[in-house]
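Peer 1: A predicted structure for the sequence below; I have some questions about it.
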Amino acid sequence: MDGTVLLDVRGDVAIVTLNRSEALNALNDDLGRELLSALRECGRTHVRAVVLTGSGRAFCAGGDLRFFRGFAAQDPARPFRELAGVLNDIIMALRSLAKPVIAAVNGATGGAGVSLACACDLRFAARGAIFRQAYTAAGLTPDGAWTLLVPLLTGLGRASELLFLNPVLKAEQALEYGLVNRVVEDGELMEHCLGTARELAAGPTQAFGRAKELFNRALFSGLYAQLELERQGITASAGTADYQEGMAAFLEKRSPVFGGR
């Protein structure tokens, strides 16, 4: 598979790579649909473990504001309404995949990228990786089950700090917060992730799949409903003056001045 997502099957392990490095692997229509297709292909094949990573210097910077800007004059909420629906399907695909999925967080990770990583079963980060929720900086609310997954991993207090204060976390801080399982030296990340993926692929695949389903039933029974609520929330936020200011400030590389409208 070529394009904005690459699928590389190596024996029992699949590597799924977000491949828009020039845009920090930001999510747009093409990447979203190709990622969903790649994950579904992993579910159909003999693959027994999956590694999800990004090309270049980012894992996934979140939604592509430049893509969203193209709709600003006509219907600014439209790309969120549609793309958040695709993101919902991706998150559901990650959680329903009856095989372990490792997020190899190789660099900058923001917004929906954090959601993607958190929906994986394990998260290993390169030491140079950074994390930022980024939504509220653009006048938006989270999507991709961020409001379910992040509080589950970090606790409500730290999730609230991430959402309202929008700090940039280095990899070691993300480990302390519980966002990632391990921090690995930059040049060793993929080797480490592939080694763990091969170990998992040699394990009891059916037991892993059933255990994952038990996690889903115990912790994520409301996942789809939360995803839909988030889709509605980010769509509504995209119709506000604060979103227009946040988007303009991002593209102009300045601090936003929000009016609360």
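Peer 2: Perfect, thanks for sending it.
Peer 1: drop to CA atoms for contacts and neighbour counts, all remaining ones
Peer 2: Will do.
Peer 1: how about the strands in the stretch 101-250 of the chain?
Peer 2: 101-105, 108-110, 122-126, 130-132, 169-170, 182-184 (DSSP state E, counting those that start in this stretch).
Peer 1: between these, which gets nearest to Gln244?
Peer 2: Among those, the nearest to Gln244 by CA to CA is strand 108-110 (19.1 Å).
Peer 1: So what touches that closest one?
Peer 2: 24, 57-62, 129-134 (CA atoms under 8 Å, 6 or more residues apart in numbering).
Peer 1: in its sheet, what does it sit against?
Peer 2: Applying DSSP bridges, strand 108-110 is found paired with strand 58-60 (parallel), strand 130-132 (parallel).
Peer 1: how close does Gly70 sit to Leu97?
Peer 2: 34 Å (CA to CA, to the nearest Å).
Peer 1: neighbour count winner among the two?
Peer 2: The neighbour comparison of Gly70 against Leu97 (other CA atoms under 10 Å) goes to Leu97, with 21 against 12.
Peer 1: Check the more buried one and give its pLDDT.
Peer 2: On pLDDT, Leu97 comes in at 98.
Peer 1: Heading C-terminal from the helix or strand bottoming out on mean pLDDT in the chain, find the next helix or strand.
Peer 2: The helix or strand of the chain with the lowest confidence, counting by mean pLDDT, DSSP states H and E, is helix 65-69 at a mean of 80. Scanning forward in sequence from helix 65-69 by DSSP states H and E, the next helix or strand is helix 78-96.
Peer 1: circling back: in the least confident helix or strand of the chain, what counts as buried?
Peer 2: 65, 68-69 (16 or more other CA atoms under 10 Å).
Peer 1: And stretch 76-83, by the same measure?
Peer 2: 76-81, 83.
Peer 1: can you tell me which of the strands of the stretch 101-250 of the chain comes nearest to Arg254?
Peer 2: strand 130-132 (17.0 Å).
Peer 1: Other residues contacting the closest one?
Peer 2: Under CA under 8 Å, 6+ apart, the answer for strand 130-132 is 107-111, 114, 162, 166-171, 174.
Peer 1: Quick check on those residues: which are buried?
Peer 2: Applying 16+ other CA under 10 Å to these flags 107-111, 114, 162, 166, 168-171, 174 as buried.
Peer 1: got any ranges where this structure has weak pLDDT?
Peer 2: 1-2, 72-73 (pLDDT under 70).
Peer 1: if we can go back for a sec, in TSV, list the strands of the stretch 101-250 of the chain along with distance to Phe215.
Peer 2: Output for the strands of the stretch 101-250 of the chain, formatted as TSV (distance: least, CA to CA, whole Å):
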stretch	distance to Phe215
strand 101-105	14
strand 108-110	25
strand 122-126	13
strand 130-132	25
strand 169-170	27
strand 182-184	21
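Peer 1: Which one of those lies nearest to Ala93?
Peer 2: Using CA to CA, the strands of the stretch 101-250 of the chain put strand 101-105 closest to Ala93, at 10.8 Å.
Peer 1: Just want the angle from that closest one to strand 122-126.
Peer 2: Angle, strand 101-105 to strand 122-126, by axes from the mean of the first three to the mean of the last three CA atoms, to 10 degrees: 20 degrees.
Peer 1: switch to numbering from 40
Peer 2: Will do, 40 is the new start, and the previous item becomes strand 140-144.
Peer 1: Pull the distance from strand 140-144 to the chain's centre.
Peer 2: 10 Å (CA atoms, centre = their mean, to the nearest Å).
Peer 1: What strands line up against that strand, and which way round?
Peer 2: Here strand 140-144 has these sheet partners by DSSP bridges: strand 88-93 (parallel), strand 161-165 (parallel).
Peer 1: For it, buried residues please.
Peer 2: For strand 140-144, a neighbour-count test (16+ other CA under 10 Å) marks 140-144 as buried.
Peer 1: who touches that strand?
Peer 2: Residues contacting strand 140-144 (CA under 8 Å, 6+ apart): 88-93, 97-98, 133, 156, 159-165, 168, 228-229, 232, 236.
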